[in-house]
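In: Return atomic coordinates for the entry below.
(one chain, ligands or ions: 2)
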Amino acid sequence: MTTSYRPEPAAGTILTGKWKGRSYRVLGKLGEGANGTVFLVSCEGRRHALKVGLDAADVQSEVNALTAITAGGGPLAGFLVDTDDFIWKGTSYSFYVMKYVEGLQSAVFLDKEGSEWLSVIGLKLLVQLTHLHERGWVFGDLKTENVLVSSYGEAHLVDFGGLSPIGRSVKQFTEIYDRGYWNAGTRTADAGYDLFAFGILCLRLLGAGEECFRRDLLPQNRSPELLLKAAEASASCRPYLPCLRRLLGGGYSSSREACEHWRATVYSWNKRPVRKSSALGKGFKTGIAVSAILFLSVVYLYIRDLM
Ligand SMILES: Nc1ncnc2c1ncn2[C@@H]1O[C@H](COP(=O)(O)OP(=O)(O)O)[C@@H](O)[C@H]1O
Ligand SMILES: [Mg+2]
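Out: Ligands and ions are numbered 1, 2, ... in the order given. The predicted model follows:
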């Protein structure tokens, strides 16, 4: 069933599943996108995120995809908590409950903490994409809103509505991240599809190429070359150019390769010779900041995994 309006249960509302009977207390709204609204809820003393879809079939297909990728464990094991329908003001809505990711949307995080964090966030995302691709799935709808970042730059993918089996058509995408929109390839799900969207995500997070993302850009003018020119003209993209060229130009044979290249590129910044004559240059300071961020993140993730 497709509903034209979004349910907006106020904080304190109890939503009870029609079929399984579990009750969730609404604590607040976490966000919304084109397909649904996500609420912070509590159930038996634990906090979760509950996504209400506008279309029951879309919710079901998202749940099916999540069930398939979490089968047999892996980093997303336990992400999907429950799925059911509830009645609100006389209308039935399908929903699913998932792990609550305490973090900020990636663009908000970078605005607040500084664009140096892209080095860490990008690596973490490429690791997750590698995991999905090596299990036969493409994320599909990669964009800044679907990446949440918690402390120490830990990046999480949310919104699995675009998850598509490799070789099929991509199920859900957003125009400006879409390889087809940029005349840069097909909409068939392959690793390169996500890697292209990851390249656009980097441009967006680094504030580059604003003029390319205008709605009135004519279809014949859309090309990966235009995006690359924008990246080359942007000072914030410069350190990432070796990766951006291959991300946007379809130059990687796998996400694992992209991940290794990203890692090597980020580490190479700290190995550049330092000019003795002048005070510390901006590049050197960025290198120090990135090293500190990388070091702290690695220590944090290591300690967290031990606990
Ligand atoms: N598990 C989660 N934990 C915390 N916030 C979330 C979670 N899932 C989604 N959100 C927030 O809700 C927003 C909308 O959810 P999303 O699944 O992307 O909806 P849509 O499919 O409509 O785009 C996200 O951009 C994010 O800010
Ligand atoms: Mg979304």
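
In: Quick one: residues contacting the residue of the chain found nearest ligand 1.
Out: Nearest to ligand 1 in the chain, going by CB to the nearest ligand atom, is Gly33, at a distance of 2.0 Å. The C-beta positions use only the backbone N, C-alpha and C, and glycine is treated the same way. Residues near Gly33 by CB atoms under 8 Å, 6 or more residues apart in numbering: 145-146, 159.

In: which one of the residues you listed is nearest Leu50?
Out: Asp159 (13.7 Å; CB to CB).

In: I figured the closest one was touching Leu142, is that so?
Out: No - using CB atoms under 8 Å, Asp159 makes no contact with Leu142, being 9.5 Å away.

In: between the two, what contacts are shared?
Out: Counting by CB under 8 Å, 6+ apart, nothing touches both Asp159 and Leu142.

In: can the helix or strand harbouring Phe198 be found next to ligand 2?
Out: Using DSSP states H and E, Phe198 maps to helix 191-205. No - residues of helix 191-205 contacting ligand 2 under CB under 5 Å from the ion: none, with a closest distance of 12.8 Å.

In: which parts of the helix or strand following that helix are buried?
Out: On the C-terminal side of helix 191-205, the closest following helix or strand by DSSP H and E is helix 224-232. Within helix 224-232, the residues scored as buried using 16 or more other CB atoms under 10 Å are 224, 226-228, 230-231.

In: same thing with stretch 229-249?
Out: Neighbour-count burial for stretch 229-249 [16+ other CB under 10 Å]: 230-231, 234, 236-237, 239-240, 243-244, 246-249.

In: Also stretch 71-81?
Out: Buried, per 16+ other CB under 10 Å, within stretch 71-81: 76, 79-81.

In: Of these, which are in range of ligand 2?
Out: Applying CB under 5 Å from the ion to the buried residues of stretch 71-81, one finds that nothing falls near ligand 2.

In: mind listing which of these are in helices?
Out: Using DSSP state H, no member of the buried residues of stretch 71-81 falls in helices.

In: now, which of those lie within strands?
Out: Taking DSSP state E as the definition of strands, the buried residues of stretch 71-81 contribute 80-81.

In: So among the buried residues of stretch 71-81, where is pLDDT lowest?
Out: Ranked by pLDDT, the buried residues of stretch 71-81 bottom out at Leu76 (86).

In: residues in contact with that one?
Out: Contacts of Leu76 (CB under 8 Å, 6+ apart): 66, 69-70.

In: Could you dump those residues into TSV and include neighbour count and distance to ligand 2?
Out: Formatted as TSV, the contacts of Leu76 follow (neighbours: other CB atoms under 10 Å; distance: CB to the ion, whole Å):
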residue	neighbour count	distance to ligand 2
Leu66	19	14
Ile69	22	17
Thr70	16	19
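
In: In helices only, show me these.
Out: Checked against DSSP H, these include these in helices: 66, 69-70.

In: what residues does the stretch 51-200 of the chain put near ligand 2?
Out: Residues of the stretch 51-200 of the chain lying near ligand 2 by CB under 5 Å from the ion: 146, 159.

In: show me where the stretch 51-200 of the chain has helices.
Out: 56-70, 106-113, 118-134, 191-205 (DSSP state H, counting those that start in this stretch).

In: between these, which one is nearest to Lys99?
Out: Among those, helix 56-70 comes nearest to Lys99, with 10.8 Å by CB to CB.

In: Could you give the average pLDDT over the closest one?
Out: Across helix 56-70, pLDDT averages out at 92.

In: Next, the angle from that helix to helix 118-134.
Out: 90 degrees (axes from the mean of the first three to the mean of the last three CA atoms, to 10 degrees).

In: Please see if helix 56-70 touches ligand 1.
Out: No - using CB under 6 Å from any ligand atom, helix 56-70 never reaches ligand 1; the gap is at least 7.7 Å.

In: Let's see the pLDDT reported for the nearest residue to Arg168 once chain neighbours are set aside.
Out: Nearest residue to Arg168, sequence neighbours excluded (CB to CB, 6 or more residues apart in numbering): Ala189, at 5.4 Å. Note on Ala189: pLDDT of 98.

In: Let me know whether Ala189 touches Gly140 as I believe.
Out: Yes - with contacts counted by CB under 8 Å, Ala189 reaches Gly140, the gap being 6.8 Å.

In: shared neighbours of these two, anything?
Out: Common neighbours of Ala189 and Gly140, counting by CB under 8 Å, 6+ apart, are 164, 170.

In: where's the closest residue to Gln128 other than its chain neighbours relative to Val97, distance?
Out: Distance criterion CB to CB, 6+ apart; nearest residue to Gln128, sequence neighbours excluded, is Leu157 at 5.7 Å. Using CB to CB, to the nearest Å, Leu157 is found at 17 Å from Val97.
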